[in-house]
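>>> Dropping the sequence and predicted coords here.
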Amino acid sequence: MEFRAAGSFISQRTTVPLLVFTLTVFLYLRYRASWHSRCRGLPLPPGPKCIPYIGNVSHMRKPEIWKAHRELCEKYGDIVYVPVLGQRIMILGSPRVITDLLDKRSSVTSDRMQSAIIELSGQDSNFAMYSYGRWWKLHRRAFWQHFLPAASEKYLDIQKDATRAFLQKLLADPSRLCEHIRYTFRVGVVKVVYGIPEQDDHQYVAMMEKVLDVAEAFTPGRYLVEFMPFLRHIPAWVPGAGFQHDFAGWRNVTNWVRNNMVEKTREGMVNGETSQSIVAQLLEQMDEEDAVTTADKQDIIKNVALTAYEGGAETTYSTLRSFFVAMVLNPDVQRKAQAELDAVVGSNRLPEHNDLPNLPYIEAIHKEVLRWAPVLPFSLPHMTSEDIEYNGYFIPAGTLILPNSWACLHDPKTYPEPERFMPERFLRDGKLNPEVSDPAQFAFGYGRRVCPGRHFADASLFINIAMVLHVFDITPPLDENGNPIQIEMHMANRLVSHPMDVRCTITPRSEKARELILT
Ligand code: HEM
């Protein structure tokens, strides 16, 4: 008996590892067979050698990563494979490859990666983060109908009023430039989307400010939970799990804005105050019959409104910040722009949107800012939803695609001396030169996910640039002895990037300009 018991114990000790080993080999062989039938012998694109599973973590944490990615493409070609912690990632390094994959094959390259951070931070209500599918399409359609070029024209007066208020704030306290830039976009978009006029010191203003801090969560590599989703289950009280507090804060503020702002619009509709807004129109359409349930429609309205604000705020903010830096660093450009404004607009009024065809230099500055300092150097990363074959390479479903928009916008063949801020590159004989590649084709993203707010953004940026240059001189910041400080242009290493040093001196161009601002 004792002997049999010992024998069964020994056999158990050897059988279990043997079973595990056999199962592992079986699963591995099955994986290999399925991989071979999927890739049909095609290789993955080339890329740097890396440690198994860990991949290229160190590469992904490099400063100004868009430059490091360009170097990889110079070494390996226009499409480079850089796996990181088990995630397949491909960098696209040229306009041709980006167009082929993200525009022409957009039906299978429009997905988004679903990371734990999205839900933890409350960004699961932002449809820019959604997987490609029916739920995303319903949101995008609801959004897009209100931001088509013709629809965007309805918002020009609101944008103009917001910019005028921005000028007044700049005049009163130029040292709070960044705060005022946030203000100009918020005032415009909150009026357009929710129909609510700016109310200083109101709770909602503070909450709408706070909601933008969530961009921090998406700083590449900032939170380990991005790569190790199981960490999300660690309670906040466990030492080292402080990230749970950060995420809870962002989630709460996002939910507050998402729910309360739509309620404010609904209340305002009773006496007609908010009836012209996008949310009011969407709420009215809710009664129309279709396959979407009322609960889903309510969610869509809340999400679309929040996404319009979140999608536009950081991007427009960053672009305007870059504009101020460009003006500090390029006084000649500023002088030429002001000469054009003086000739076309004169000193008795502020510029209007319909001055645009007569202000090619201002329009060239607008294009050059988008090119020089792209806010989303990799757009928002796309993801493949099916296996693809491209140029003899296999790109599996679930591959994260990083189009290097920055590299396309800094390609010296398309834009000579790309580091220089040179609006003249877009002009020929005093007019916009249609032969120069429009930076918008890279700055606003690609295919079915291309930025649906771009017409709104363009109109807003144009009027801000034109009005600011018409009435203000932007010069270097001064030290305590009144000497100019030399600033440098460096973009922060974030998904939504922005220039780090925007110190400058802002003064009215003349007494007449001061009067124009105040009237
Ligand atoms: C300078 C200003 C702006 C820039 C440079 C910009 C750029 C971009 C880029 C690169 C994308 C990703 C496209 C892709 O996935 O390929 C995007 C998406 C998006 N943008 Fe903008 N954007 C700007 C302003 C705005 C504004 C003002 C709004 C709203 C009014 C807006 C709303 C959105 C939305 C909703 C998405 C997500 C689209 C989707 O995933 O279907 N953007 N934007």
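Noted; the coordinates are in hand. Worth saying up front: this structure is predicted, and the values here are computed from it rather than measured.
>>> count of residues packed around the closest residue to P476 other than its chain neighbours?
On the basis of C-beta to C-beta, 6 or more residues apart in numbering, the spatially nearest residue to P476 that is not a chain neighbour turns out to be P484, at 4.0 Å. Heads up, the C-betas are built off the backbone N, CA and C, glycines and all. The burial metric for P484, expressed as a neighbour count using other C-beta atoms under 10 Å, is 12.
>>> try I196
20.
>>> And the one 3 residues further on, by the same measure?
The tally of other residues near Q199 (other C-beta under 10 Å) stands at 10.
>>> Go over the secondary structure and confirm it is in a strand.
No. When classified by DSSP: H, G, I helix; E, B strand; the rest coil, Q199 is found to be coil rather than part of a strand.
>>> Isn't it up against K191?
No. Counting by C-beta atoms under 8 Å, K191 is not a contact partner of Q199; they are 11.4 Å apart.
>>> mind checking how far the closest residue to the ligand within the stretch 101-250 of the chain is from R449?
The stretch 101-250 of the chain approaches the ligand most closely through A128 (3.3 Å), counting by C-beta to the nearest ligand atom. Spatial separation of A128 from R449 under the definition C-beta to C-beta, to the nearest Å is 8 Å.
>>> do R182 as well
The spacing between R182 and R449, counted by C-beta to C-beta, is 25 Å.
>>> likewise E417?
In this view, E417 and R449 are 31 Å apart by C-beta to C-beta.
>>> So for stretch 377-396, mean pLDDT?
On average, the pLDDT along stretch 377-396 is 96.
>>> Endpoint to endpoint, that stretch covers what distance?
Between the opening and closing residues of stretch 377-396 lies a distance of 24 Å (C-alpha to C-alpha, to the nearest Å).
>>> for it, which positions count as buried?
Judged by neighbour count (16 or more other C-beta atoms under 10 Å), stretch 377-396 contains these buried residues: 377-385, 387-388, 390, 393-395.
>>> thought the residue of the stretch 101-250 of the chain closest to the ligand was touching L380?
Yes. In this structure A128 lies within contact range of L380 using C-beta under 8 Å: 6.2 Å.
>>> Identify the spatial nearest neighbour of G453, chain neighbours not counted.
For G453, ignoring the flanking residues on the chain, the nearest one in space by C-beta to C-beta, 6+ apart is G312 at 5.1 Å.
>>> show me what contacts the residue nearest to A443 when sequence neighbours are not counted?
Among residues not flanking A443 along the chain, L370 sits closest, at 4.3 Å (C-beta to C-beta, 6+ apart). Each residue near L370 by C-beta atoms under 8 Å, 6 or more residues apart in numbering is listed here: 319, 409, 439-440, 443.
>>> before we move on, the earlier item: can you report phi and psi for the residue nearest to P476?
Backbone torsions for P484, taken as degrees, to the nearest 10, come to phi -70, psi 140.
>>> go on, P351?
Summarising the backbone geometry of P351 under the convention degrees, to the nearest 10, its torsions are phi -60, psi 150.
>>> and the residue nearest to it when sequence neighbours are not counted, what element?
Closest residue to P351 in three dimensions, ignoring its sequence neighbours and counting by C-beta to C-beta, 6+ apart: A466, at 3.9 Å. A466 belongs to helix 454-471 when elements are defined using DSSP states H and E.
>>> After that helix, heading C-terminal, what element do we hit next?
Note on helix 454-471: by DSSP H and E, the next helix or strand toward the C-terminus is strand 472-475.
>>> what do A128 and L380 both touch?
The overlap between the contact sets of A128 and L380 (C-beta under 8 Å, 6+ apart) consists of 112, 449.
>>> and V238, that one's in a helix?
No. Inclusion of V238 in a helix is not indicated when three-state DSSP is applied; the result is coil.
>>> just to revisit the earlier point, say whether the ligand is contacted by whichever strand or helix holds the residue nearest to G453.
Element membership of G312 [criterion: DSSP H and E] is helix 294-329. Yes. Part of helix 294-329 sits close enough to the ligand to count as contact by C-beta under 6 Å from any ligand atom, namely 307-308, 311-312, 315-316, 319.
>>> Now restrict these to buried residues only.
If you count burial by 16+ other C-beta under 10 Å, the buried members of the residues of helix 294-329 next to the ligand come out as 307-308, 311-312, 315-316, 319.
>>> on that earlier part again, go through the buried residues of stretch 377-396 and flag which are in strands.
Among the buried residues of stretch 377-396, the members found in strands (DSSP state E) are 382-383, 388, 390, 393-395.
>>> so what's the residue nearest to P396 when sequence neighbours are not counted up against?
Computed as C-beta to C-beta, 6+ apart, the closest residue to P396 that is not its neighbour in sequence is D387, at 5.5 Å. Contacts for D387 (C-beta under 8 Å, 6+ apart) come out as 38-39, 394-397.
>>> Could you list the low-confidence segments of the protein?
Along the chain, segments meeting pLDDT under 70 span 1-12, 53, 55, 200-201, 287-291.
>>> After the longest helix along it, which helix or strand is next? Please name it.
In the chain, taking DSSP state H as the definition, the longest helix is helix 2-39. Under the assignment DSSP H and E, the closest C-terminal helix or strand after helix 2-39 is helix 57-60.
>>> so how far is the following helix or strand past that next one from its chain's centroid?
Once the chain leaves helix 57-60, the next helix or strand it forms, by DSSP H and E, is helix 65-76. Centre-to-centre, helix 65-76 and its host chain are 21 Å apart (C-alpha atoms, centre = their mean, to the nearest Å).
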